[in-house]
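got a sequence here, can you model it:
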Amino acid sequence: MEKRIKEILALRPSEDTIKAEGWVRTKRDSKNVSFIEINDGSCLKGLQAVLDRSAFPDDLVARITTGCSVSVTGRIVKSEGGSQDIELRAESVEIIGECPADYPLQKKRHTVEFLREKAYLRPRTNLFGAITRVRNTMAYAVHSFFQENGFVYVNTPLISASDCEGAGAQFQVTTLDLENVPKTPDGKVDYSKDFFGKLANLTVSGQLEGETYALAMKDIYTFGPTFRAENSNTTRHLAEFWMIEPEMAFCTLEGDMDCAEKFLKYIFKAVLDKNGEDMAFFSKFVLPGVIENLEHVVSSPFEHMTYTEAVKILEKNNDRFEFPVKWGVEIQSEHERYLTEEVAKRPVIVTDYPKEIKAFYMKMNDDGKTVRAMDVLAPRLGEIIGGSEREYRYDVLLDRMKELGLDPAAYWWYLDLRKYGSVPHAGFGLGFERAVRYVTGVENIRDVIPYPRYVKSCEY
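Next comes the predicted model:
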């Protein structure tokens, strides 16, 4: 394999011949010399290749344009310019793929909205190249953290007959002829004629299936795509995104919170350690102070408070909120940011939420009013992780399902799990794109995933 640009930039001047492959970012011509900057996505900075015009045909030099792909062979020499230490003195140049003058990514600042319309090309820009490299580091760190701590990676299904969140905002999967949908005698859709013989949807979470493996393998995690059909057109929501969901058997809420804190610090530190150049770019052009913000999270113990304690703090400051707070309501993003940025000045884990605003599977506290849930709140973002101790008592879980109007028959296997060697267990979920957005400081979640899917948008 040929050396990547990142590796070449670390070389010293030498008589050795090397080959650099990549795409032309810029080209400058003078009377005697042409300078081309080559980038292959391995780092932010490009490699400057210097072509002696007398050694190359004019028509070849003219065909080297911004966006074309090239292979340049030559020697590494000390650069005579001040913006780089070394450069490649070209001895031969091969144009692999030419690029016409209407190439959309010319040498100027493009808006993220424009680049969203050119998603197939935007990884070639500095911004999206940096986002992609950080996303790669974080994905690798996710697996590294869990593998180093003895977790087993489990692939949960993308097509499911269960609704983990009970929200109903799911994408339906069907092979029925939508122009001629079969109906039952009472006029309802006859799903017995469908591929699976029942209503099926794209998964909103792998948690329920993950629990079954945790109660056999002890500690497991999933990392895969999930889907929400919410009609939400904001900078914080996607219809398709990636979720990280660990589940731990013989574990209570306390162990869940400890794992969540260590996990976040691990993946954040991985980026600080490995993506210094990219983070410096984000700090300069996207969000000043983003590096210091991450360093603070990594070095600070997380604050802990109950939902009730948080509400008491927030109620004293209701005059500053768009949505006033009282016990029993959802804590909004503005409240989460106030708790982290104004009160604790560090990440906060809020626990023991009212049962009415949390999912059916969360373990009931002895007070009968709250559940063993936890949300990790981060400064600048708000909720970044949501989790809970799961209800492992059969009778309590069954009563909770009935209370919420859920059909126990649809969750028969999930209930059975509580009959056969049940144990206390807990887990959490982290939306991967939300974490990437936090690390990079990028405002819109549509810009931290390669091909964003949202309302009325499913291009490419």
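
state the phi and psi torsions of the residue sitting furthest away from the middle of the chain.
Here the centre of the chain is the reference, and by CA atoms, centre = their mean the most remote residue is residue 54, at 49.4 Å. Phi and psi for residue 54, reported as degrees, to the nearest 10, are phi -70, psi -20.

contacting residues for it?
residue 32 (CB atoms under 8 Å, 6 or more residues apart in numbering). C-beta here means a position set from N, CA and C on the backbone, and glycine is covered the same way.

what of residue 31?
Here residue 31 is in contact with residue 53 (CB under 8 Å, 6+ apart).

quick check: the residue farthest from the centre of the chain vs residue 38, distance?
21 Å (CB to CB, to the nearest Å).

ok, now residue 236?
From residue 236 to residue 38 the distance is 37 Å (CB to CB).

just want to know which of the two has more residues nearby.
The residue with more neighbours, out of residue 236 and residue 38, is residue 38; 22 against 17, by other CB atoms under 10 Å.

which SS state does the more buried one fall under?
strand (DSSP: H, G, I helix; E, B strand; the rest coil).

quick one: it and residue 49 touch, right?
Yes - contact criterion CB atoms under 8 Å: residue 38 and residue 49 qualify, at 5.8 Å.

which neighbours do these two share?
20, 72, 88.

out of the residues you listed, which comes closest to residue 157?
residue 20 (44.2 Å; CB to CB).

what's around the closest residue to residue 281 other than its chain neighbours, how many residues?
Among residues not flanking residue 281 along the chain, residue 130 sits closest, at 5.2 Å (CB to CB, 6 or more residues apart in numbering). Residues lying near residue 130 (other CB under 10 Å) number 23.

OK, contacts around residue 130?
Contacts for residue 130 were tallied using CB under 8 Å, 6+ apart; they are 44, 275, 278, 281-282, 440.

are any of these buried, and which?
Among the contacts of residue 130, those classed as buried by 16 or more other CB atoms under 10 Å are 44, 275, 278, 281-282, 440.

list the buried ones in stretch 122-139?
122, 124-135, 137-139.

low-confidence stretches in this structure?
Where the chain drops to pLDDT under 70, the residues are 163-168.

which ones among the contacts of residue 130 map onto helices?
In helices, defined here by DSSP state H, the members of the contacts of residue 130 are 278, 281-282, 440.

so can I have JSON lines of those residues showing distance to residue 30?
Shown next, in JSON lines, are those (distance: CB to CB, whole Å):
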{"residue": "278", "distance to residue 30": "32"}
{"residue": "281", "distance to residue 30": "29"}
{"residue": "282", "distance to residue 30": "34"}
{"residue": "440", "distance to residue 30": "37"}
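
which one of those sits closest to residue 327?
Nearest member of these to residue 327, counting by CB to CB, is residue 440, at 35.8 Å.

how about the closest one: what's its closest non-neighbour residue?
Going by CB to CB, 6+ apart, residue 440 has residue 282 as its nearest residue, at 5.2 Å.

who's in contact with that neighbour?
Contacts of residue 282 by CB under 8 Å, 6+ apart are 130, 290-291, 440-442.

wait, doesn't residue 194 sit right on residue 181?
No - the criterion here is CB under 8 Å, and residue 194 misses it with residue 181 at 9.7 Å.

and for residue 104, the neighbour number?
14.

for residue 368, same thing?
7.

how near is it to residue 335?
25 Å.

do the same with residue 245
With distances taken as CB to CB, residue 245 is found 25 Å from residue 335.

could I get the full set of helices for the stretch 351-460 of the chain?
For the stretch 351-460 of the chain, helices defined by DSSP state H, counting those that start in this stretch occupy the ranges 394-403, 412-416, 432-440.

most packed of these?
helix 432-440 (a mean of 24; mean count of other CB atoms under 10 Å).

who does it touch, helix- and strand-wise?
helix 126-148, strand 240-249, helix 253-274, helix 290-299, strand 382-389 (3 or more CB pairs under 8 Å, 6 or more residues apart in numbering; DSSP states H and E).

is it possible to export these to CSV including distance to residue 323?
CSV is the format used below for the helices and strands packed on helix 432-440 (distance: least, CB to CB, whole Å):
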stretch, distance to residue 323
helix 126-148, 31
strand 240-249, 25
helix 253-274, 26
helix 290-299, 25
strand 382-389, 13
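
list the contacts of the nearest residue to residue 418 once chain neighbours are set aside.
Of all residues not flanking residue 418 in the chain, residue 394 sits nearest, at 3.9 Å (CB to CB, 6+ apart). Counting by CB under 8 Å, 6+ apart, residue 394 makes contact with 415, 418-419, 422.

do the same with residue 289
Taking CB under 8 Å, 6+ apart as the contact definition, residue 289 lies against residue 283.

nearest to residue 218, of the contacts of residue 130?
Nearest member of those to residue 218, counting by CB to CB, is residue 275, at 32.7 Å.

surely residue 448 and residue 138 touch.
No - here residue 448 lies out of contact with residue 138, judged by CB under 8 Å, at a distance of 10.1 Å.
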